[in-house]
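*Asks:* my questions are about this predicted structure, shown below with the sequence.
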Amino acid sequence: MRDAVIVKGVGGLYTVRKDGKSYVCRARGIFRKEALSPVIGDYVEISEIDEEKMEAVIDEVFERKNKLVRPNVANVDQLAIVISPIFPKPDFLLIDRLIVTALYKEIEPLLVINKADQDRLACEKIREEYKNALENIAITCAVTGEGIDALKCLLKDKITVMCGQSGVGKSTILNSILETQVMETGDISDKTKRGKHTTRHSEMFSLKEMEGYVIDSPGFSMYELDDLEPIELQKYYPELNGKTFCKFQDCSHTKEVGCMVEELIEKGLFPEGRYDRYKYIYEELREKELNKYK
Ligand SMILES: Nc1nc2c(ncn2[C@@H]2O[C@H](COP(=O)(O)OP(=O)(O)OP(=O)(O)O)[C@@H](O)[C@H]2O)c(=O)[nH]1
Ligand SMILES: [Mg+2]
Ligand SMILES: [Zn+2]
């Protein structure tokens, strides 16, 4: 990790973390002229450090690896997609879209199945569904702290954005990781079994006793595929990516008969649910592309 990073930005003042200390900084005028506005996650160079007032000036913003719009954050290494097994009911289409978005932006997706206390068997089933798609899957119970240490290890040395449906426990997990109530948490509605959108802003927190940052977000709607072409979608499905034995050339893997997907499904390497949703997202991208030229 680089040594100085913006963790908060309010009204032209930026909080920069460097060597375990926080400095309130202004950006040099030149950025404003170049219309580059620093955001959370930006790695920066600071000078004129005043150790008494804990102030400094941002001289330079290093080139970004990537940038999300909602939440507005740069250099994201990992997207923690948080879900719960029973309620709120997992939205698998949303999970798949978020995985595609992450991989498209060169962000490592991480699935966190929280509320393990609700139904362990259901957690295992979900893990099974995603085992060929994801390198890292964590099962946690944020209220008892189960699995939180293992999750913490997955956050080490990375900037991680947490996203997922309202009420799955993102803020509760963050509080548990940081061992303080940094975020407000909310109840689940008795009637709808949904969350109440408790978190409405994004802020980056540094992990204790290790390098790494976590950002809670109300980012359930994050779906930023910009100009992804439908035929490219398969690149963001680890189950399909790198498999070259489809007999059809330039195959979109959406037509079934004779396509390699048949075999992958048969062998249990590509779950049918994932496939159905793949076709759905593919159609969605196709429609978007068609509409572009109307
Ligand atoms: N049973 C159970 N409840 C949990 C667990 N983790 C969180 N909760 C509860 O779920 C509710 C919602 O938690 P939040 O942390 O506010 O959820 P959130 O994902 O941050 O929701 P938004 O901010 O609305 O997006 C709270 O009542 C938590 O106490 C868990 O592991 N098990
Ligand atoms: Mg929250
Ligand atoms: Zn094919």
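*Replies:* Arrived safely. Numbering: from 1, shown residues only. Ligands and ions are numbered 1, 2, ... in the order given.

*Asks:* right, and the helix or strand after the helix or strand hosting residue 215?
*Replies:* Element membership for residue 215, per DSSP states H and E: strand 213-216. Tracing the chain past strand 213-216, the next element assigned as helix or strand by DSSP H and E is helix 260-266.

*Asks:* chain neighbours aside, what residue packs nearest to residue 142?
*Replies:* Once flanking residues are discounted, residue 142 sits nearest to residue 172: 4.1 Å by CB to CB, 6 or more residues apart in numbering. Quick note: C-beta positions are derived from backbone N, CA and C, even for glycine.

*Asks:* kindly apply the preceding question to residue 252 instead.
*Replies:* That would be residue 231: by CB to CB, 6+ apart, it lies 5.8 Å from residue 252.

*Asks:* ok so, going back, CA atoms of the strand holding residue 215 as CSV?
*Replies:* Listed next in CSV are the C-alpha coordinates belonging to strand 213-216 (Å, rounded to 0.1, in the frame of the first residue of the first chain):
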residue,chain,number,x,y,z
TYR,A,213,-9.3,0.2,4.8
VAL,A,214,-13.0,-0.5,4.7
ILE,A,215,-15.8,1.6,3.4
ASP,A,216,-19.4,0.9,4.3
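
*Asks:* strands of the chain, start to end?
*Replies:* Along the chain, counting by DSSP state E, strands occupy 4-10, 13-18, 21-27, 44-50, 55-61, 67-68, 73-74, 78-83, 108-113, 136-139, 159-163, 203-206, 213-216.

*Asks:* which positions in the first one come out as buried?
*Replies:* When you say that, I think you mean strand 4-10. Residues of strand 4-10 classed as buried by neighbour count (16 or more other CB atoms under 10 Å): 4-9.

*Asks:* how many neighbours does the closest residue to residue 22 other than its chain neighbours have?
*Replies:* By the measure of CB to CB, 6+ apart, the closest residue to residue 22 outside its immediate chain neighbours is residue 15, 5.4 Å from it. Using other CB atoms under 10 Å, residue 15 has 18 neighbouring residues.

*Asks:* residue 15 reaches residue 25, doesn't it?
*Replies:* Yes - counting by CB atoms under 8 Å, residue 15 does reach residue 25; the two are 7.5 Å apart.

*Asks:* follow-up on the earlier one: contact partners for the residue nearest to residue 22?
*Replies:* Going by CB atoms under 8 Å, 6 or more residues apart in numbering, residue 15 touches 6-9, 22-25.

*Asks:* nearest to ligand 3, of those residues?
*Replies:* Nearest to ligand 3 among those: residue 6, at 44.0 Å, using CB to the ion.

*Asks:* flag the shaky bits of this structure, pLDDT-wise.
*Replies:* Applying pLDDT under 70 to the chain flags the ranges 1, 30-35, 191, 193, 196-202, 219-224, 226, 294.

*Asks:* what sits opposite the most centrally placed residue in the chain in the beta ladder?
*Replies:* Here the mean C-alpha position of the chain is nearest to the C-alpha of residue 79 (CA atoms, centre = their mean), at a distance of 2.2 Å. Beta bridges link residue 79 to residue 109, residue 161 when assigned by DSSP bridges.

*Asks:* pretty sure it is touching residue 95, no?
*Replies:* No - using CB under 8 Å, residue 79 is not in contact with residue 95; the gap is 10.9 Å.

*Asks:* follow-up on the earlier one: for the strand holding residue 215, packing partners?
*Replies:* Using 3 or more CB pairs under 8 Å, 6 or more residues apart in numbering; DSSP states H and E, the elements in contact with strand 213-216 are strand 159-163, helix 170-178, strand 203-206.

*Asks:* I'd like those as TSV, with distance to ligand 3 and mean neighbour count appended.
*Replies:* As requested, the helices and strands packed on strand 213-216 are exported to TSV (distance: least, CB to the ion, whole Å; neighbours: other CB atoms under 10 Å):
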stretch	distance to ligand 3	mean neighbour count
strand 159-163	31	25
helix 170-178	37	23
strand 203-206	41	19
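
*Asks:* any idea which of the ones you listed gets closest to ligand 1?
*Replies:* Of all the helices and strands packed on strand 213-216, it is helix 170-178 that lies closest to ligand 1, at 3.4 Å by CB to the nearest ligand atom.

*Asks:* show me what the closest one is packed up against.
*Replies:* helix 148-155, strand 159-163, strand 213-216.
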